[in-house]
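A.B. asks: Fold the following and give me the result.
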Amino acid sequence: MDATKYLNRIGFSGTVEVSLKCLAELQACHQLAVPFENLDVFLKRKKTLKIEDLFERIVEEKRGGWCHELNGLFSWLLENLGFSVRKVSASYFNPEKNEFNAMFDHLALIVSLGEEEYLADVGWGNINAHYMPIRLSENSIYKQPGGFYKLKK
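C.D. replies: Residues are numbered from 1 along each chain as shown. From the prediction side, this is the model:
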């Protein structure tokens, strides 16, 4: 597996450095180049979260994936570029049900940059726009495509 191939797949041409600017550019490139897709579920193909399998499908075959796959592989890329990353279970609000979905329904990433931590997520997005990393802070409201977001513990 080759991080340069991954960077080419997502169309990243910036300078690789451990910074918020680079993280935001990587996240934007990934979201705009790699689609959310779950075709394998409907085709009853075996699902795997092995990084090698995800790299083959998403980078080599130029397909997409669902949140666990996209964020799983994105965490591999970030770690290989020198970022400190941890995977976390996440829940999201379902407006149709007017409630939050169950935990472990979504995978997100926490990226540490110095003393600050950011929520990074390439498995959630908007069709014509991308989400930016969000600094972990309970007191802030973040404007992103589709609305305003506030993090809660």
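
A.B. asks: Quick check on Ser137: phi, psi?
C.D. replies: Reported as degrees, to the nearest 10, the phi and psi values for Ser137 are phi -160, psi 130.

A.B. asks: Next, the contact list for the closest residue to it other than its chain neighbours, please.
C.D. replies: Nearest residue to Ser137 in three dimensions, chain neighbours excluded: Leu151, at 6.9 Å (CB to CB, 6 or more residues apart in numbering). Yep, even glycine has a C-beta here, placed from its N, CA and C like the rest. For Leu151, the contact set (CB atoms under 8 Å, 6 or more residues apart in numbering) comprises 119, 134, 136-138, 140.

A.B. asks: Buried ones only from these, please, as a ChimeraX command.
C.D. replies: Filtering those down to the buried ones (16 or more other CB atoms under 10 Å) takes a single ChimeraX command:
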select :119,134
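
A.B. asks: In JSON lines, list the contacts of Leu151 along with distance to Glu17 and secondary structure.
C.D. replies: Formatted as JSON lines, the contacts of Leu151 follow (distance: CB to CB, whole Å; DSSP: H, G, I helix; E, B strand; the rest coil):
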{"residue": "Leu119", "distance to Glu17": "20", "secondary structure": "strand"}
{"residue": "Ile134", "distance to Glu17": "20", "secondary structure": "strand"}
{"residue": "Leu136", "distance to Glu17": "21", "secondary structure": "coil"}
{"residue": "Ser137", "distance to Glu17": "23", "secondary structure": "coil"}
{"residue": "Glu138", "distance to Glu17": "29", "secondary structure": "coil"}
{"residue": "Ser140", "distance to Glu17": "25", "secondary structure": "coil"}
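
A.B. asks: From the contacts of Leu151, pick the one nearest Glu69.
C.D. replies: Leu119 (18.2 Å; CB to CB).

A.B. asks: The closest one - nearest residue in space that isn't next to it in sequence?
C.D. replies: Ile134 (4.5 Å).

A.B. asks: can I assume that neighbour is in contact with Phe148?
C.D. replies: No. Ile134 is beyond contact range of Phe148, at 11.2 Å (criterion: CB atoms under 8 Å).
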